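# quick one, fold the following:
(chains A and B)
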Amino acid sequence: MKSIIAYFLLLAVVTANGQDRYEAAMKQQVGLLDSASTFNPASLKALGNTFERIADAEKTQWLPYYYASYCLVNEAFMTEDKTKVDPIADKAALMAEKAVALKGEDSELSCLLSLIAVSRIAVDPMTRGAKYGTESAELLDKAKQQNPENPRVYLLAGQNLLFTPEAFGGSKTKGKELLNLALQKFSTFKPESGISPRWGEAYTKELLKMP
Amino acid sequence: MYKLFLPLIIFGFPMALQAQTVVSGKVTDARKKPLAGVNISLVGSYDGATSAKDGTFTFTTVEKGERLITASLTGFGSIEVKTDLASNAPLILILKETVNELKMVTISAGSFEASDEKKNTVLKPLDIVTTAGANADIVSALKTLPGAQQVGEKEGLFVRGGTGAETQTFIDGMLVRNPFSSGMPDFAARGRFSPFLFKGTTFSSGGYSAQYGQGLSSALVLESVDLPERSSYTLGVGSVGPAVGVDKLSKDKKKGYGIELDYVNLWPYFKIVKQKQDPVVAPEFLNGSANYRIKTSRTGMLKFFVMGSRGRFGFRGESLDYPGYDEEFRLTNHYLYTNVSWRESLGNGWKLQLGTSYSTNRDRITMDTIGKQPEPTRIRTRQDLSQFRAVLSKNMGKFSVLRLGSEYQYATEASRFNQFGGEFVDSYTASFAEADVYFTPRFVGRLGARYEYSSLLRSPNIAPRASIAYKVDAKSQVALAYGEFYQKPEQQYLRFDHNLGYMRATHYIASYQHISQFRVFRTEVFYKQYHNLIKTVPGYNNNGKGYAKGAELFWRDKKLIKNADYWISYSWLDTKRDHLNFPYEVRPDFAAEHTATLVYKHFIPEWQLNLGATYSFATGRPYFNPNRPPNEFMADRTRNLNTLSLNINYLTTVGKAFTVFVLTLTNAVGNEQQYGFRYSADKLRRRVVEPMAPRFVYIGMFMSFGMDRRQEMIDRQ
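Numbering: from 1, shown residues only, chains lettered A, B, ... in the order given. Coordinates of the predicted model:
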């Protein structure tokens, strides 16, 4: 009898240890996203790979897939050879869809999918602008409905307006209004956990500094 | 006892696992080139690494024993290897490249494809319509590609020594009868279909697929658009008339409809800008189209399209045969086109496409030499075409496809020339089988054959087609094509029973192309043999023949100049034919020896201006001079053709509407365009065949609400 208790205790400890290990590993990797030195294609690829390994080992956690996708989409934006963007964006979308399958529809994931759509525009802006611009805007609308307090919704919407030429519906003033709104939302935003998405505040400030 | 033991188990056991093993190795591709960025992962753990630039990797793990290691990289197939962690031997991992569309060879000889969906194309649909001078006419834009002649006095694409009638137009696989507006002799009319109705355009200058028939030279294959991205409304006002459009997408994005109306009246323009002939009936055109598209399932799509138009015009000019007298030409046209198509995946790699289409075209023409004819000449014609088409395709293996199809066309024609009449009915059936066989991802062959039977000609034919393509390296490929092509004689020869048979052409094509991100280079040589062409002398017969051979170049570059995109086409054509009333084989009047075009597009982002220029050149074409002896038939040449067309678009927003202002100038310099000469019956006078006016100017403003459709509106002009 006592050996059974001991066994269960042991199991609990080992499992708790596993959970701790997940939290610890994620915390460490998510922390790397705060560092500017991570933002080059090679480091992002390595970090994305790490998140993917964690995701595949855990199988039930959505956040590792979310971050794997987030690393990939950033890599897509930084890739100079635009013919290589689509395969990276495809993989980012695949990771995001896996996250959706685990988490369900979510404001952060809608934001991520919107960002992936934007990353595809650069491949051929003339033919793709309308299609993916529309898709991105629709996903941001959805993200806003899912959580109007999510600052990344306003950051991404503002960024889209900022980088779209005025004649194509962009607006620097409206873009900056949205970025300021994003900053307000950042000040009150509480991530669900230490490893939940919280990126973007510093980037918003950078964008606001642009002329 | 237990109490003492427990902490030991709890804290000691995990500690025991902390003894670490180092795993290292190298990842390469099949050719031993190191691969960077590969994700190496120890299955079931977080442990792993990303390979460095030289393909090496190393990581530590606390796992033990025989474990699975996976390696994956985008664009490569993942592998899984079992390894004993105790062994310290470095792992050598080899990944094989997966084949995607970009790496695969495609059937390319003889065809220029513009598609948003496929990646390996030379053009995008937008390219076709942002070309200066094309004025949103598909055929005019395609004339900037190699193989096409700069023929301005007749409708149609004159391809590689073929007449305009040797190019057939297909919408969703179905033949289109009367794809051009009805015009008057010696003046080419526009195509009836807006380029925005199509998501894909393939212009084949020869050797095309067995799916299509009845074009001796060329096929223009148009694929209609599916659902729009989102709803929008458009409004346009131009110097020739207004246009409105609605494109509505349902909330669930499963169905949508569109309606477009436009009205063109050239009277005010012709009053301001003097034309060669006086308009006596205001040139007026009213066009309307409607479509409805619905997703019938995840993979099924049903599309309805109907388009109707009516047009009329009348011109008066001095008679060539009776100096001092005027000649008049008046025309009224009614046209209706409908198309219903459905496609669905049947599972297991089977796909079905069904289509039906009906069109009717009616022309009423009155010709009069005023004061010289007791009664004007009246011509009435009506052409109807009904058809059904079914195509079944099956994916075989990874990339290969088998296509089987059948079509039935019922065509009627009735015409009256004063009191004389002629009519005919033709039931035409065709079946085809064609397979795209990928021997390897880099080597593809397309083999097909087409069987046709025309009740009017009372005879069948079998047309074999074959092409192969081989990918030499990541960016270049070579291709060869061969095919037999049959065509019924044109309706003016079929109207009366002359016991005529099919005309036939045999194509041989060799091509090389190199496509990189910003550049396309392409060259083709071809040889085409014509058999059984229609002759009208001494009586109607099938004894005509001829040949065409030539070489073509295409170069496109988006990199050399910032914000600019240009392409250059060059065609050399050697052709002779003996057809109609020709006394012997001679270069025909629609074939220039050298043709070249330069298309240039420049965007100035600061000013939101799009500038475009198209320069076309063609050496002089033969024309018939009746004053020459019979052995100098077609010995004369027109002047070389030089035209420069310009367009400017300014993009802005007015209120909530995206707006674009458009200015286009066709033949900006006003160069003389000699297409040929007409002689009076007594051979004493002649008249140059040329456009109604040297230049054409268009000014317009377009607004769109909802989605940004300005690019589209620019292109409409």
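
# would you map the helices across chain B?
B:2-17, B:125-129, B:138-142, B:267-272, B:491-494, B:710-716 (DSSP state H).

# again with chain A
Counting by DSSP H, the helices of chain A are A:2-32, A:41-58, A:63-78, A:85-103, A:107-121, A:125-146, A:151-163, A:172-188, A:201-209.

# just name the shakiest helix or strand of chain A by mean pLDDT.
helix A:2-32 (a mean of 69; mean pLDDT, DSSP states H and E).

# show the pLDDT at the spatially most central residue of chain A.
Chain A has A:Tyr70 as the residue nearest its centroid, 4.0 Å off, counting by C-alpha atoms, centre = their mean. At A:Tyr70, the pLDDT value in this model is 96.

# next up, the contacts around it.
Residues near A:Tyr70 by C-beta atoms under 8 Å, 6 or more residues apart in numbering or on different chains: A:Leu33, A:Ala92, A:Leu112, A:Pro197, A:Trp199. Heads up, the C-betas are built off the backbone N, CA and C, glycines and all.

# again with A:Phe163
A:Phe163 sits next to A:Gly170 when contact means C-beta under 8 Å, 6+ apart.

# that one and chain B, how far apart?
Distance, A:Phe163 to chain B, by C-beta to the nearest C-beta, to the nearest Å: 12 Å.

# again with A:Gly104
In terms of C-beta to the nearest C-beta, A:Gly104 sits 20 Å off from chain B.

# burial count for that residue?
For A:Gly104, the number of neighbouring residues by other C-beta atoms under 10 Å in any protein chain shown comes to 9.

# go on, B:Lys372?
Residues contacting B:Lys372 under the criterion other C-beta under 10 Å number 12.

# quick one: it and B:Ser319 touch, right?
Yes - using C-beta atoms under 8 Å, B:Lys372 is in contact with B:Ser319, at 7.3 Å.

# what do these two both touch?
By C-beta under 8 Å, 6+ apart, the residues touching both B:Lys372 and B:Ser319 are B:Tyr325.

# among the helices of chain B, show the one with the smallest mean pLDDT.
helix B:2-17 (a mean of 44).

# from B:Glu260, how far out is B:Tyr292?
Distance from B:Tyr292 to B:Glu260, counting by C-beta to C-beta, to the nearest Å: 13 Å.

# looking at the two, which is more packed in?
Counted by other C-beta under 10 Å, B:Tyr292 and B:Glu260 do not tie: B:Glu260 has more neighbours, with 19 against 16.

# okay, the more buried one: pLDDT?
Confidence score, pLDDT, at B:Glu260: 93.

# that one reaches B:Ser289, doesn't it?
Yes - B:Glu260 lies in contact with B:Ser289 (C-beta under 8 Å); the separation is 5.1 Å.

# contacting residues around B:Leu35?
Per C-beta under 8 Å, 6+ apart, neighbours of B:Leu35: B:Val27, B:Thr28, B:Asp29, B:Ser51, B:Gly55, B:Leu73, B:Phe76, B:Leu95.

# in PyMOL, select just the buried ones from those.
Here is the PyMOL command that picks out the buried ones among these, judged by 16 or more other C-beta atoms under 10 Å in any protein chain shown:
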select buried, chain B and resi 27+28+29+51+55+73+76+95
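
# give me phi/psi at the closest residue to B:Glu593 other than its chain neighbours?
Sequence neighbours aside, B:Thr619 is the residue nearest to B:Glu593 in space, at 5.0 Å (criterion: C-beta to C-beta, 6 or more residues apart in numbering or on different chains). Main-chain dihedrals, B:Thr619, degrees, to the nearest 10: phi -70, psi 160.

# list the residues that contact B:Thr619.
B:Thr619 touches B:Ala592, B:Glu593, B:His594, B:Thr595, B:Arg637, B:Asn640, B:Leu641, counting by C-beta under 8 Å, 6+ apart.

# tell me how far it lies from B:Val151.
Taking C-beta to C-beta, one finds B:Thr619 at 13 Å from B:Val151.

# list just the nearest of the contacts of B:Thr619 to B:Arg465.
Nearest to B:Arg465 among those: B:Thr595, at 26.4 Å, using C-beta to C-beta.

# got the CA coordinates for stretch B:584-599 in PDB?
Output of stretch B:584-599 as PDB, limited to C-alpha atoms (Å, rounded to 0.1, in the frame of the first residue of the first chain):
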ATOM      1  CA  TYR B 584       1.600  30.900-106.700                       C
ATOM      2  CA  GLU B 585       3.300  30.700-103.300                       C
ATOM      3  CA  VAL B 586       4.200  34.100-102.100                       C
ATOM      4  CA  ARG B 587       4.600  36.100 -98.800                       C
ATOM      5  CA  PRO B 588       1.000  37.000 -97.900                       C
ATOM      6  CA  ASP B 589      -0.100  40.600 -97.100                       C
ATOM      7  CA  PHE B 590      -0.500  40.000 -93.400                       C
ATOM      8  CA  ALA B 591       3.100  38.800 -92.700                       C
ATOM      9  CA  ALA B 592       6.000  41.200 -92.000                       C
ATOM     10  CA  GLU B 593       9.500  39.700 -92.000                       C
ATOM     11  CA  HIS B 594      10.700  41.500 -88.800                       C
ATOM     12  CA  THR B 595       8.600  42.500 -85.900                       C
ATOM     13  CA  ALA B 596       9.700  44.000 -82.600                       C
ATOM     14  CA  THR B 597       8.100  45.600 -79.600                       C
ATOM     15  CA  LEU B 598       9.400  47.300 -76.500                       C
ATOM     16  CA  VAL B 599       7.000  47.600 -73.500                       C
END
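
# for it, buried residues please.
Within stretch B:584-599, the residues scored as buried using 16+ other C-beta under 10 Å are B:585-593, B:595-599.

# stretch B:609-616 now?
Going by neighbour count (16+ other C-beta under 10 Å), the buried part of stretch B:609-616 is B:Asn610, B:Leu611, B:Gly612, B:Ala613, B:Thr614, B:Tyr615, B:Ser616.

# pLDDT below threshold where in the chain?
You didn't say which chain, so I picked chain A. Residue ranges of chain A with pLDDT under 70: A:1-18, A:167.

# try again with chain B
B:1-19, B:101-102, B:117-120, B:129, B:707-717.

# report the closest residue of the stretch 551-700 of chain B relative to chain A.
B:Leu651 (3.8 Å; C-beta to the nearest C-beta).

# OK, contacts around that residue?
B:Leu651 makes contact with A:Pro165, A:Ala167, A:Phe168, B:Gln608, B:Leu609, B:Asn610, B:Phe658, B:Thr659, B:Val660, B:Arg710, according to C-beta under 8 Å, 6+ apart.

# for it, name its beta-bridge partners.
For B:Leu651, the beta-bridge partners under DSSP bridges are B:Val660.

# measure A:Gly158 to A:Ala96 for me?
21 Å.

# B:Gln387 against B:Gln409, yeah?
Yes - using C-beta under 8 Å, B:Gln387 makes contact with B:Gln409 at a distance of 4.3 Å.

# common neighbours of these two, please.
Contacts common to B:Gln387 and B:Gln409, judged by C-beta under 8 Å, 6+ apart, are B:Leu175.

# now the contacts of B:Leu651 in a markdown table, with distance to B:Val225?
Converted to a markdown table, the contacts of B:Leu651 look like this (distance: C-beta to C-beta, whole Å):
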| residue | distance to B:Val225 |
| --- | --- |
| A:Pro165 | 25 |
| A:Ala167 | 24 |
| A:Phe168 | 21 |
| B:Gln608 | 27 |
| B:Leu609 | 28 |
| B:Asn610 | 23 |
| B:Phe658 | 20 |
| B:Thr659 | 23 |
| B:Val660 | 21 |
| B:Arg710 | 17 |
